[in-house]
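A.B. asks: structure of the sequence below:
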Amino acid sequence: MGQNLSPHQNELYRRTDEVLHYIWDPIGVAGVPEARDEYDSYFPHVFSLLVNNPKAGEIQNYLIKIEGENMGLSVNDNSRNRAKEVEDILTNYRDMIYEKVAREFTA
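C.D. replies: Got it, this is the predicted structure:
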């Protein structure tokens, strides 16, 4: 990412990468080790949105846009649901990690 991240940010960074690869995976390459970097070009923007507290639907809309415009895939209910699931998982991870930091800070 080009900058130093705290241990908690590193955890969120890794989880974001894994969620995009294994859960979002619009082209179905999660089981192909050689394609592990397939979504790397989209990852930094998703991570940036996530750490900057996006509005509801912002990550979902970005992922849908990538599928339709960049990948040329048909956007349908499945892709919308998958993008929504990814946004929910990522924001839950972020909130869990931030709560952990807050507990450590006040302990």
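A.B. asks: quick one, what contacts the residue nearest to the spatial centre of the chain?
C.D. replies: Most central in the chain under CA atoms, centre = their mean is T16, positioned 4.1 Å from the mean C-alpha point. Applying CB atoms under 8 Å, 6 or more residues apart in numbering, we find T16 in contact with 43, 46-47, 50, 90, 93. Every residue, glycine included, has its C-beta placed from N, CA and C.
A.B. asks: out of the residues you listed, which is nearest to V29?
C.D. replies: Among the contacts of T16, F43 lies closest to V29 (CB to CB), at 14.1 Å.
A.B. asks: now do the same contact list for the closest one.
C.D. replies: Counting by CB under 8 Å, 6+ apart, F43 touches 16-17, 20.
A.B. asks: check the gap between it and S74 for me.
C.D. replies: Counting by CB to CB, to the nearest Å, the gap from F43 to S74 is 23 Å.
A.B. asks: all the helices of the protein, residue numbers only.
C.D. replies: Ranges of helices within the chain are 7-19, 43-51, 58-65, 77-106, based on DSSP state H.
A.B. asks: want to throw these into TSV with mean pLDDT and distance to E34?
C.D. replies: TSV is the format used below for the helices of the chain (pLDDT from 0 to 100; distance: least, CB to CB, whole Å):
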stretch	mean pLDDT	distance to E34
helix 7-19	93	16
helix 43-51	95	17
helix 58-65	98	23
helix 77-106	92	23
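A.B. asks: can I get those in CSV with distance to P26?
C.D. replies: As requested, the helices of the chain are exported to CSV (distance: least, CB to CB, whole Å):
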stretch, distance to P26
helix 7-19, 13
helix 43-51, 13
helix 58-65, 8
helix 77-106, 6
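A.B. asks: most packed of those?
C.D. replies: Comparing the helices of the chain by mean neighbour count (mean count of other CB atoms under 10 Å), helix 58-65 ranks first with a mean of 19.
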